[in-house]
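S.K.: Let me see the structure of the following:
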Amino acid sequence: MSPPLRTLVLDGSPSPAGGSRRLAAAMLEVFGGEADIIRLYDSPVRPCRGCGGCAADPVCALDGDLADFPERLAGADCLLIVSPIHFASLSAPLIAFFSRLQPFWRARRRGRDLLARRPGQSALAASGGSDYPGMFAPARAVAAAVAKTLSIPFAGLAAAAGTDRLPVAENPAALAAAARLATEMLAAVRQKAGGGQEV
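M.R.: The predicted structure is shown next:
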(Lines give C-alpha, C1' and ligand atoms only; values in the text may rest on other atoms or scores of the structure.)
Protein backbone atom coordinates (compact mmCIF):
# COMPACT_ATOMS: atom_id res chain seq x y z
CA MET A 1 0.00 0.00 0.00
CA SER A 2 1.28 3.48 -0.88
CA PRO A 3 2.16 5.75 2.05
CA PRO A 4 -0.16 8.72 2.71
CA LEU A 5 0.50 11.76 0.57
CA ARG A 6 1.98 14.86 2.17
CA THR A 7 0.98 18.22 0.72
CA LEU A 8 2.53 21.59 1.49
CA VAL A 9 -0.05 24.34 0.99
CA LEU A 10 1.03 27.94 0.47
CA ASP A 11 -2.25 29.63 1.35
CA GLY A 12 -2.42 33.19 0.07
CA SER A 13 -6.11 33.67 0.81
CA PRO A 14 -7.28 36.10 3.51
CA SER A 15 -10.73 34.51 3.74
CA PRO A 16 -11.52 31.30 5.63
CA ALA A 17 -14.48 30.77 3.29
CA GLY A 18 -12.71 31.98 0.14
CA GLY A 19 -13.19 30.39 -3.25
CA SER A 20 -9.53 29.50 -3.71
CA ARG A 21 -9.55 27.68 -0.38
CA ARG A 22 -12.63 25.75 -1.47
CA LEU A 23 -10.87 24.64 -4.66
CA ALA A 24 -7.85 23.63 -2.59
CA ALA A 25 -10.08 21.63 -0.24
CA ALA A 26 -11.46 19.68 -3.22
CA MET A 27 -7.90 18.85 -4.26
CA LEU A 28 -6.80 17.90 -0.75
CA GLU A 29 -9.74 15.50 -0.52
CA VAL A 30 -8.30 13.65 -3.51
CA PHE A 31 -4.75 13.74 -2.19
CA GLY A 32 -5.70 12.39 1.23
CA GLY A 33 -2.87 12.10 3.73
CA GLU A 34 -1.56 15.14 5.56
CA ALA A 35 -1.64 18.84 4.67
CA ASP A 36 0.98 21.21 6.05
CA ILE A 37 -0.62 24.64 5.59
CA ILE A 38 1.33 27.90 5.64
CA ARG A 39 -1.19 30.72 5.95
CA LEU A 40 0.75 33.65 4.56
CA TYR A 41 -1.68 36.30 5.76
CA ASP A 42 -0.78 35.17 9.30
CA SER A 43 2.99 35.01 8.67
CA PRO A 44 5.70 37.62 9.27
CA VAL A 45 7.15 37.28 5.77
CA ARG A 46 8.65 40.45 4.33
CA PRO A 47 9.45 40.91 0.62
CA CYS A 48 12.94 40.71 -0.83
CA ARG A 49 14.79 44.01 -0.41
CA GLY A 50 17.26 43.36 -3.22
CA CYS A 51 20.34 43.40 -1.01
CA GLY A 52 22.15 40.84 -3.17
CA GLY A 53 23.41 38.91 -0.17
CA CYS A 54 22.27 35.58 -1.58
CA ALA A 55 24.62 36.06 -4.56
CA ALA A 56 27.48 34.83 -2.38
CA ASP A 57 25.63 32.85 0.27
CA PRO A 58 22.43 30.88 -0.53
CA VAL A 59 20.77 32.11 2.67
CA CYS A 60 18.46 35.10 2.69
CA ALA A 61 19.61 38.03 4.81
CA LEU A 62 16.03 38.23 6.09
CA ASP A 63 16.22 34.61 7.24
CA GLY A 64 13.90 34.01 10.16
CA ASP A 65 10.71 34.60 8.20
CA LEU A 66 9.57 31.01 7.67
CA ALA A 67 13.17 29.80 7.83
CA ASP A 68 11.83 26.24 8.01
CA PHE A 69 10.30 26.46 4.51
CA PRO A 70 13.03 24.37 2.81
CA GLU A 71 12.56 21.60 5.37
CA ARG A 72 8.78 21.68 5.04
CA LEU A 73 9.04 21.68 1.24
CA ALA A 74 11.45 18.75 1.26
CA GLY A 75 8.98 16.78 3.38
CA ALA A 76 6.11 17.19 0.91
CA ASP A 77 4.96 15.12 -2.06
CA CYS A 78 2.90 17.95 -3.58
CA LEU A 79 3.05 21.73 -3.42
CA LEU A 80 -0.27 23.54 -3.70
CA ILE A 81 -0.36 27.31 -4.15
CA VAL A 82 -3.68 28.90 -3.18
CA SER A 83 -4.73 32.44 -4.01
CA PRO A 84 -7.58 34.75 -4.95
CA ILE A 85 -6.93 36.82 -8.07
CA HIS A 86 -6.20 40.50 -7.40
CA PHE A 87 -5.81 42.60 -10.57
CA ALA A 88 -4.87 39.47 -12.56
CA SER A 89 -2.18 38.57 -10.05
CA LEU A 90 -1.66 36.51 -6.93
CA SER A 91 -2.30 37.95 -3.47
CA ALA A 92 0.29 40.31 -1.99
CA PRO A 93 1.56 37.92 0.74
CA LEU A 94 2.26 35.24 -1.88
CA ILE A 95 4.13 37.69 -4.11
CA ALA A 96 6.17 38.86 -1.12
CA PHE A 97 6.98 35.27 -0.18
CA PHE A 98 7.93 34.30 -3.73
CA SER A 99 10.32 37.25 -3.91
CA ARG A 100 12.19 35.61 -1.03
CA LEU A 101 12.99 32.54 -3.15
CA GLN A 102 15.93 34.35 -4.74
CA PRO A 103 18.45 32.02 -2.98
CA PHE A 104 16.85 29.04 -4.76
CA TRP A 105 17.03 30.86 -8.10
CA ARG A 106 20.68 31.84 -7.60
CA ALA A 107 21.62 28.33 -6.44
CA ARG A 108 19.89 26.82 -9.48
CA ARG A 109 21.85 29.15 -11.78
CA ARG A 110 25.07 27.93 -10.15
CA GLY A 111 24.10 24.28 -10.48
CA ARG A 112 23.52 23.84 -6.75
CA ASP A 113 20.55 22.23 -5.03
CA LEU A 114 19.24 23.60 -1.73
CA LEU A 115 16.77 20.74 -1.22
CA ALA A 116 17.49 17.16 -0.18
CA ARG A 117 14.25 16.12 -1.89
CA ARG A 118 11.34 17.93 -3.45
CA PRO A 119 7.65 17.46 -4.19
CA GLY A 120 6.82 15.47 -7.28
CA GLN A 121 4.04 17.83 -8.40
CA SER A 122 2.79 21.38 -7.91
CA ALA A 123 -0.29 23.35 -8.90
CA LEU A 124 -2.17 26.61 -8.41
CA ALA A 125 -5.73 26.86 -7.07
CA ALA A 126 -7.14 30.32 -7.81
CA SER A 127 -10.49 32.08 -7.87
CA GLY A 128 -11.62 35.47 -9.07
CA GLY A 129 -14.76 37.49 -8.58
CA SER A 130 -14.71 38.78 -12.14
CA ASP A 131 -14.69 36.85 -15.40
CA TYR A 132 -12.71 38.07 -18.41
CA PRO A 133 -10.44 36.40 -20.98
CA GLY A 134 -6.94 35.68 -19.72
CA MET A 135 -7.76 36.62 -16.14
CA PHE A 136 -5.73 33.76 -14.67
CA ALA A 137 -2.82 33.83 -17.14
CA PRO A 138 -0.45 36.15 -15.18
CA ALA A 139 -1.00 34.30 -11.89
CA ARG A 140 -0.50 30.95 -13.59
CA ALA A 141 2.73 32.18 -15.16
CA VAL A 142 4.08 33.27 -11.77
CA ALA A 143 3.17 29.96 -10.14
CA ALA A 144 4.80 28.05 -12.99
CA ALA A 145 7.95 30.18 -12.71
CA VAL A 146 8.14 29.48 -8.98
CA ALA A 147 7.78 25.76 -9.63
CA LYS A 148 10.54 25.93 -12.24
CA THR A 149 12.84 27.76 -9.82
CA LEU A 150 12.22 25.04 -7.24
CA SER A 151 12.59 22.30 -9.91
CA ILE A 152 9.10 20.95 -9.20
CA PRO A 153 6.89 19.81 -12.11
CA PHE A 154 3.93 22.18 -12.52
CA ALA A 155 0.69 20.32 -13.21
CA GLY A 156 -1.44 23.37 -13.94
CA LEU A 157 -4.27 25.50 -12.65
CA ALA A 158 -7.53 24.77 -10.87
CA ALA A 159 -9.61 27.91 -11.36
CA ALA A 160 -13.03 29.40 -10.74
CA ALA A 161 -14.04 32.74 -12.25
CA GLY A 162 -17.11 34.88 -11.64
CA THR A 163 -17.31 34.02 -7.96
CA ASP A 164 -19.08 37.31 -7.22
CA ARG A 165 -22.07 35.77 -9.01
CA LEU A 166 -21.48 32.06 -8.39
CA PRO A 167 -19.55 31.01 -5.27
CA VAL A 168 -17.11 28.13 -5.72
CA ALA A 169 -19.09 26.03 -3.25
CA GLU A 170 -22.03 26.24 -5.69
CA ASN A 171 -19.93 25.59 -8.80
CA PRO A 172 -19.75 21.81 -9.30
CA ALA A 173 -17.91 22.16 -12.62
CA ALA A 174 -15.03 24.09 -11.05
CA LEU A 175 -14.84 21.70 -8.10
CA ALA A 176 -14.86 18.68 -10.41
CA ALA A 177 -12.09 20.19 -12.54
CA ALA A 178 -10.00 20.78 -9.40
CA ALA A 179 -10.54 17.17 -8.34
CA ARG A 180 -9.50 15.95 -11.81
CA LEU A 181 -6.28 17.94 -11.66
CA ALA A 182 -5.56 16.54 -8.21
CA THR A 183 -6.21 13.01 -9.50
CA GLU A 184 -3.70 13.55 -12.30
CA MET A 185 -1.13 14.88 -9.84
CA LEU A 186 -1.68 11.98 -7.48
CA ALA A 187 -1.21 9.50 -10.33
CA ALA A 188 2.04 11.20 -11.36
CA VAL A 189 3.39 11.10 -7.81
CA ARG A 190 2.44 7.45 -7.39
CA GLN A 191 3.95 6.58 -10.77
CA LYS A 192 7.22 8.21 -9.76
CA ALA A 193 7.17 6.27 -6.50
CA GLY A 194 6.45 3.04 -8.35
CA GLY A 195 9.44 3.69 -10.59
CA GLY A 196 11.71 3.50 -7.62
CA GLN A 197 12.25 7.23 -7.28
CA GLU A 198 11.83 8.97 -3.97
CA VAL A 199 8.72 11.08 -3.57
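S.K.: now the residue positioned nearest the centre of the chain, what's its secondary structure?
M.R.: Closest to where the C-alpha atoms of the chain average out (Cα atoms, centre = their mean) is Ile81, at 2.3 Å. Three-state assignment for Ile81 (DSSP: H, G, I helix; E, B strand; the rest coil): strand.
S.K.: can you offset everything so residue one is 318?
M.R.: Okay, residue one is now 318; in that scheme the one you just asked about reads as Ile398.
S.K.: my guess is it meets Ala442, correct?
M.R.: Yes. Shown here, Ile398 and Ala442 form a contact pair, counting by Cβ atoms under 8 Å, at 7.1 Å. Any C-beta I mention is one placed from the backbone N, CA and C, and that applies to glycine too.
S.K.: how many neighbours does the nearest residue to Pro410 once chain neighbours are set aside have?
M.R.: Beyond its immediate neighbours in the sequence, the residue positioned closest to Pro410 (Cβ to Cβ, 6 or more residues apart in numbering) is Leu357, lying 3.7 Å away. Neighbour count for Leu357, taken as other Cβ atoms under 10 Å: 23.
S.K.: shaky segments in this protein?
M.R.: When the per-residue scores of the chain are filtered using pLDDT under 70, the ranges that remain are 318-320, 378-380, 512-516.
S.K.: Which parts of it are helices?
M.R.: In the chain, the helices defined using DSSP state H lie at 336-348, 386-391, 409-416, 419-426, 454-466, 489-511.
S.K.: Switch those over to TSV; also include mean neighbour count and distance to Cys377.
M.R.: Compiled in TSV, those are given as follows (neighbours: other Cβ atoms under 10 Å; distance: least, Cβ to Cβ, whole Å):
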stretch	mean neighbour count	distance to Cys377
helix 336-348	23	26
helix 386-391	16	10
helix 409-416	20	10
helix 419-426	18	6
helix 454-466	18	14
helix 489-511	17	29
